[in-house]
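# Show me how the following folds:
(2 chains)
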Amino acid sequence: MISHFLNLEWKQYFRSAHWQKGIAIKIIMVFLALYFVATFLAIGVGGYYILKKQFPESDPLQIVNSYVLFAIFADLIFRYLMQKLPIMNIKPLLILPIKKSKLVHYVLGKSSFSGFNILGLFFYIPFSIVLIKEGYHTAGVLGWLFTMILIIQSANFLNFLINKNNNALIIIATILVGLIGLQNFGLYDVVANGGLIFDGIYANPIYSFLGIIALSFLYWLNYNQLRTQVYLDEAVATKVEEANAADLSWANKLGDVAPFIKNDIRLIWRNKRTKSVFLMSFLFLFYGLIFFTQKTYSDWPAMLMFASLFVTGGFTLNYGQFIPAWDSAHYKMLMSQSFRYRKFLESKWFLMVAMTSILYFLSFPYLYFGTDIFLMITAGAIFNIGFNSLFLLYAGSFNRKKIDLTKGGFGNTQGTSATQFIIVIPLMVFPMLLFWVFDTFVGYNSGFIVVASIGIVSLLLKNYAMNFIEKKYIKDKYVMINAFGKEA
Amino acid sequence: MITIDNISKKYGKAEVLNVENIHIPRGQSFGLVGNNGAGKTTLFNILLDLIRPTTGAITNNSVAVHTSEDWKTFTGSFIDESFLIGYLTPEEYFDFIGDLRGMNTADVRSFLSQFDEFFNGEIIGKKKYLRDLSKGNQKKAGIVAAMMGNPQVIILDEPFANLDPTTQIRLKKIIKTLTENKEITVLVSSHDLTHVTEVSERIVVLDKGKVVKDIATSSETLQELERYFSV
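I've put the predicted structure just below:
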């Protein structure tokens, strides 16, 4: 039986849609994965020596131990947000002659090998090897490593238990915040006392076997909970989302483009990926903080321009670059309806401009960093509204990759092609370069005056640009319909 | 063979199924008819222990389906495409199920050879994953897989939907052959009254979760059903 399951796993992995992506994306993803592995490995191997150098009088193992408690809690919260039990995989097996208990063991056992549990090992294992090499006693280190593995595995199973329970998340988050608070206000030395537990395991590795009890108990709880729920209307249910019909009649005031705007708002709000683009654009508001608070960048104004563009441009850039691929699933249907292409494009333009304006108003607190920074953000906003919105619409006509909105949001690269990489040049590099040239050779103010004026000029030429863009879209209509019809 | 005893299913206050008593003897070909939401799939799901009934019990060959899993060894079923394993090729899927049902590769090959006509050259040897087949071809694969390993009970939910006319006719022939010897019990649900009356010797009509008709098929059955549904 196990060989069957392993065989299925193998095929599922290598035949998953991931591998059918373009070669460029594959390379980028492999590099990203290697990067994470390498980072953890580097910290694992080098961590001991770095700590030794920074804190020569302390024991590196004790320093690591003192933060393990925090790492566990952070790991749990991360897992809570990201890791789900892949229970839907067993649906096809339910009607086959396989015992349900086996299926549950399979799902749970499989979760033990998830990436969430593997990544940490790239730190703990090399770190332990270094410890042994540096003369720590082997039994102690192995006991310690064993405990860490058991803790990772326990976190894995604890996560599935609390995943169904929002209260559990609140409790864990509260404990974490509480611990940090206790430490910061000097009420109780969590770091030292937490560390003592793990120091104790190093001293008496036999205690690591307590972890086995905890792990078995959590596994048993999971098994019992799941075993009674292997039904299509319980754990193995496809979630049917309740339609939330918000009243969008206010949009009717926008005239001809209203139907499209209403549709776009629904599209953005009801799909994971678009929703995260929308919510992320508010996070981009804080992007400036990274740059404006650091001394290094204040001598490098072109980088500040870059940050300023991002502060108000989060939505325009992230949403705009995939126009009209967001509508790829129903592009054919749209093209068979009677409306002017112009209205469809205008609605996208309006959406980008409206969101940039809202983000600009929200960026007013940046006045705190002085008028220079704020003027730069203003120039960035004008550039985003005037130039970038129109340019992204134009660039969109080169999009040939379908986006399946039902697929998840985070880290989804569907729809990405060379277009996305090339358009960064006029969107970001061009204003940065202009700013830099005028700033260096003409004077500070001229930099953002030029960037802002390009925005204003583009805005004034909007009608002319729109005619041009519309023609391009109409010309490429058939190619786009054909491309969007293909599997991504 | 199958006894349905006071089965009901409630979601909150809404009762989606309430069947008092149906006994399906061995070898019967049983047709289940009803409009959308009548409870056909729910009944099949309970029969396959895929959802739990609120009240009542179903026994399949004197095995109570929600307490023992022994019925799985002699019951083949196909509900919809989500029960296929999308990343396998049809051959691999048949091999996998054959393996679970105690057939070796040669058994599987000779079993599948009976269905060459039914597959119409679109399933075997196409080098495609199940997920990339058309709805109709996925259905063909699922239906044939349900018949593997000499099951005594075969349950097919909407087997005629999405199939082309030729395949529908071939499928009817296959179902009739299955029940010829009165050994294999076949349960079929359908929206298509013509097809279901043709292959079933008994037809049960569900409406809003309740049994409203239970008829032995005769030459008048189709007209009777058409009268009932043309409200």
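
# what does chain B have sitting close to chain A?
The interface of chain B toward chain A, taken as CB under 8 Å from any CB of the partner chain, is made up of B:11, B:45, B:48-52, B:69, B:72-73, B:75, B:77, B:79, B:82-85, B:87-88, B:92, B:96-97, B:99-101, B:129, B:132. (Glycine included, C-beta is placed from N, CA and C.)

# For residue A:160, which non-adjacent residue is spatially closest?
Nearest residue to residue A:160 in three dimensions, chain neighbours excluded: residue A:85, at 5.0 Å (CB to CB, 6 or more residues apart in numbering or on different chains).

# Who are the contact partners of the one you found?
Taking CB atoms under 8 Å, 6 or more residues apart in numbering or on different chains, we find residue A:85 in contact with A:107-108, A:111, A:160, A:163, A:226.

# Adding pLDDT, distance to residue B:2 and secondary structure, write those out as TSV.
Output for these, formatted as TSV (pLDDT from 0 to 100; distance: CB to CB, whole Å; DSSP: H, G, I helix; E, B strand; the rest coil):
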residue	pLDDT	distance to residue B:2	secondary structure
A:107	89	30	helix
A:108	91	33	helix
A:111	89	36	helix
A:160	86	36	helix
A:163	77	38	coil
A:226	87	28	helix
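
# Flag every residue of chain A that's near chain B.
With CB under 8 Å from any CB as the criterion, chain A comes near chain B at residues A:4, A:8, A:11-12, A:15-16, A:91-92, A:94-100, A:231-234, A:238, A:487.

# So for the residue positioned nearest the centre of chain B, what's the pLDDT?
In chain B, the centroid-proximal residue (CA atoms, centre = their mean) is residue B:156; its distance is 1.3 Å. Residue B:156 is assigned a predicted lDDT (pLDDT) of 95.

# measure it to chain A for me?
As judged by CB to the nearest CB, to the nearest Å, residue B:156 and chain A stand 12 Å apart.

# List the buried residues for the helix of greatest length in chain B?
Ranked by residue count under DSSP state H, the longest helix found in chain B is helix B:165-179. Of all the residues in helix B:165-179, those buried under the rule 16 or more other CB atoms under 10 Å in any protein chain shown are B:167-168, B:170-172, B:174-175, B:178-179.

# What helices and strands are in contact with it?
Judged by 3 or more CB pairs under 8 Å, 6 or more residues apart in numbering or on different chains; DSSP states H and E, helix B:165-179 is in contact with strand B:29-33, helix B:116-119, helix B:135-146, strand B:185-190, helix B:193-199.

# ok now that helix, how far from the chain's centre?
13 Å (CA atoms, centre = their mean, to the nearest Å).

# Tell me, how many residues neighbour residue A:195?
Applying other CB atoms under 10 Å in any protein chain shown, we find 21 residues neighbouring residue A:195.

# That one reaches residue A:60, doesn't it?
No: with contact defined as CB atoms under 8 Å, residue A:195 does not reach residue A:60; the gap is 11.8 Å.

# How about residues contacting stretch A:193-210?
A:61-63, A:65-70, A:136, A:139-144, A:146-147, A:150.

# and the residue nearest to the centre of chain B, what does it touch?
By CB under 8 Å, 6+ apart, residue B:156 lies in contact with B:77-78, B:143, B:146, B:186-189.

# out of those, who's nearest residue A:364?
Each of the contacts of residue B:156 was scored against residue A:364 by CB to CB, and residue B:78 proved nearest at 61.1 Å.

# I'd say the closest one and residue B:143 touch.
Yes: using CB under 8 Å, residue B:78 is in contact with residue B:143, at 5.3 Å.

# list the residues that contact both of the two?
Joint contacts of residue B:78 and residue B:143 (CB under 8 Å, 6+ apart) are B:156, B:159.

# Tell me where the stretch 51-200 of chain A has helices.
For the stretch 51-200 of chain A, the helices defined by DSSP state H, counting those that start in this stretch cover A:60-82, A:100-111, A:115-119, A:121-133, A:138-162, A:166-184, A:190-203.

# and of these, who's closest to residue A:331?
The nearest among the helices of the stretch 51-200 of chain A, by CB to CB, is helix A:60-82 at 31.6 Å.

# Return the angle between stretch directions for the closest one and helix A:190-203.
Using axes from the mean of the first three to the mean of the last three CA atoms, to 10 degrees, the inter-axis angle of helix A:60-82 relative to helix A:190-203 is 110 degrees.

# tell me which residues in helix A:60-82 are buried?
Those would be A:60-66, A:68-73, A:75-76, A:79-80, for helix A:60-82 by 16+ other CB under 10 Å.

# Without its sequence neighbours, what residue ends up closest to residue 44?
Because you didn't say which chain, this covers chain A. Nearest non-adjacent residue to residue A:44 (CB to CB, 6+ apart): residue A:126, at 3.4 Å.

# not quite, I wanted chain B
Per CB to CB, 6+ apart, closest to residue B:44 is residue B:157, 5.2 Å.

# In the sheet, which residues pair with that neighbour? Tell me.
According to DSSP bridges, the partner residues bridging residue B:157 are residue B:189.

# got it, and residue B:8?
In beta-bridge terms (that is, DSSP bridges), residue B:8 pairs with residue B:18, residue B:55.

# and the gap between it and residue A:206?
56 Å (CB to CB, to the nearest Å).

# Could you do residue A:328 as well?
Using CB to CB, we find residue A:328 at a distance of 60 Å from residue A:206.

# who has more neighbours, the two?
Between residue A:328 and residue A:206, residue A:328 has the larger neighbour count (other CB under 10 Å), namely 26 against 9.

# Now do the contacts for the spatially closest residue to residue B:88 that is not a sequence neighbour.
Nearest non-adjacent residue to residue B:88, counting by CB to CB, 6+ apart: residue B:130, 5.8 Å away. Going by CB under 8 Å, 6+ apart, residue B:130 touches B:84-90, B:93, B:138, B:141.

# Just the buried ones out of those, please.
B:84-90, B:93, B:138, B:141.

# tell me, how many neighbours does residue B:209 end up with?
Counted with other CB under 10 Å, residue B:209 comes out at 22.

# my guess is it meets residue B:18, correct?
Yes: using CB under 8 Å, residue B:209 is in contact with residue B:18, at 5.1 Å.

# any shared contact partners between the two?
B:8-9.

# List the buried residues for stretch A:101-117?
Those buried within stretch A:101-117 under the rule 16+ other CB under 10 Å are A:103-108, A:110-111, A:116-117.

# thinking again about what came up before, now restrict the residues of chain B next to chain A to buried residues only.
If we count by 16+ other CB under 10 Å, those have these buried: B:45, B:48-51, B:69, B:72-73, B:75, B:77, B:79, B:83-85, B:87-88, B:92, B:96-97, B:99-101, B:129.

# Among the residues you listed, which lie within helices?
B:45, B:92, B:96-97, B:99-100.

# check contacts around the spatially closest residue to residue A:347 that is not a sequence neighbour.
Closest residue to residue A:347 apart from its sequence neighbours, by CB to CB, 6+ apart: residue A:260 at 3.4 Å. For residue A:260, the contact set (CB under 8 Å, 6+ apart) comprises A:343-344, A:346-348.

# orientation of the longest helix of chain B relative to strand B:185-190 in degrees?
150 degrees.

# could you give me the average pLDDT of helix B:165-179?
94.

# could you point out where the stretch 1-150 of chain A is predicted with low confidence?
The stretch 1-150 of chain A contains residues with pLDDT under 70 at A:17-25.

# How about the stretch 151-300 of chain A?
Scanning the stretch 151-300 of chain A for pLDDT under 70 picks out the ranges A:164-165, A:238-242, A:244-245.

# out of the buried residues of stretch A:101-117, who's nearest chain B?
residue A:103 (10.4 Å; CB to the nearest CB).

# List the residues that contact the residue nearest to the closest one when sequence neighbours are not counted.
Nearest-residue entry for residue A:103: residue A:90, 4.8 Å, with adjacent residues in sequence omitted and distances by CB to CB, 6+ apart. By CB under 8 Å, 6+ apart, residue A:90 lies in contact with A:103, A:106-107, A:230, A:236.
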